[in-house]
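okay, predicted coordinates and the sequence, questions at the end:
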Amino acid sequence: MALDTLYAAETPEGIALSLRPAGLVARCLAYLVDLAIRLGLFFVALIGSSFLGGLGAAFLLITYFALEWLYPVVFELTRAGATPGKTMLRLRVVMDTGLPVTPAASVVRNLLRAADFLPGLYAFGTAAMLMRPDFKRLGDMAAGTLVVYSDTVALHGQLPDAAPMAPSRALSPSEQVAIVSWAGRASRLTQPRFEELARLAQSVCSDKPASSGQHGLATERLLGVAQWILGRRAGKTP
């Protein structure tokens, strides 16, 4: 029951995290901000090189290398895990597990920007991002990294009141999470969509499919199952 583009990750300690991968537009805007910053720094270096005489060319080459390859790595390894452009867009780079990016992973993902750029204007990287729900480019796939929004993800709000109801069959952990998430989105989904998702999960409440006149009943029953998953029982609180 996919309701959004959240990426589920689990840390080595067994802590479940929900991350929201950043899409193409946000990442492009962050790149343009960083590009403007790097061009500004290079312009300053260009002016400074005029005072260095014969060493000016070498100084410019070193500056270009640092801005092109070291600039993103240095910022990604800070506590923010993001370049200035990503910070402005509230993005950060993390590992697949949700943990801070490692030096090796940061180096790999940035070195492979050369492959993402091919055949021009980041064509390969853009195509890879558009074909994946987690919006990974080639460098992210090789390094095992994600670019995510740094804001806290709210999985669900207050669940609507309903009489607790045991499911008609055993539920897997992922099914339990999906049902509770669905119930918590009652205020953010339209009523038709909310009821449509309840009908898709009708087997959780009954072996018989809901008829056209029982759509509201299917929603009420599934809300009861959500309450039951959270440990609530008739006349009791967890």
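Now that the structure is in, tell me what you want to look at.

low-confidence ranges in this structure?
The chain contains residues with pLDDT under 70 at 1-5, 10-16, 152-157, 206-216, 235-238.

let's see it at 80
Filtered on pLDDT under 80, the chain yields the residue ranges 1-6, 8-18, 151-158, 173-174, 185, 187-190, 202-216, 233-238.

all strands of it, in order?
Secondary structure of the chain (DSSP state E): strands at 7-10, 16-19, 91-95, 145-149.

any chance of the ones you listed in TSV, with mean neighbour count too?
Yep, even glycine has a C-beta here, placed from its N, CA and C like the rest. Output for the strands of the chain, formatted as TSV (neighbours: other Cβ atoms under 10 Å):
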stretch	mean neighbour count
strand 7-10	15
strand 16-19	16
strand 91-95	23
strand 145-149	23
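
tell me the domain ranges of this protein?
Domain assignment for the chain, taken from automatic domain parsing, gives 7-149, 173-229.

so for residue 162, which of those sits nearest?
Nearest to residue 162 among the domains of the chain is domain 173-229 (3.6 Å), distances taken as Cβ to Cβ.

okay, the strands of the chain in CSV with distance to residue 35 next?
Conversion of these to CSV gives the following (distance: least, Cβ to Cβ, whole Å):
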stretch, distance to residue 35
strand 7-10, 27
strand 16-19, 26
strand 91-95, 15
strand 145-149, 16
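
of all those, which one is nearest residue 81?
Closest to residue 81 of the strands of the chain, according to Cβ to Cβ: strand 91-95, at 4.1 Å.

sorry, back to before: nearest to residue 226, of the strands of the chain?
With Cβ to Cβ as the criterion, residue 226 lies closest to strand 16-19 of the strands of the chain, at 17.4 Å.

packing partners of that closest one?
Applying 3 or more Cβ pairs under 8 Å, 6 or more residues apart in numbering; DSSP states H and E, one finds that strand 16-19 contacts strand 7-10, strand 145-149.
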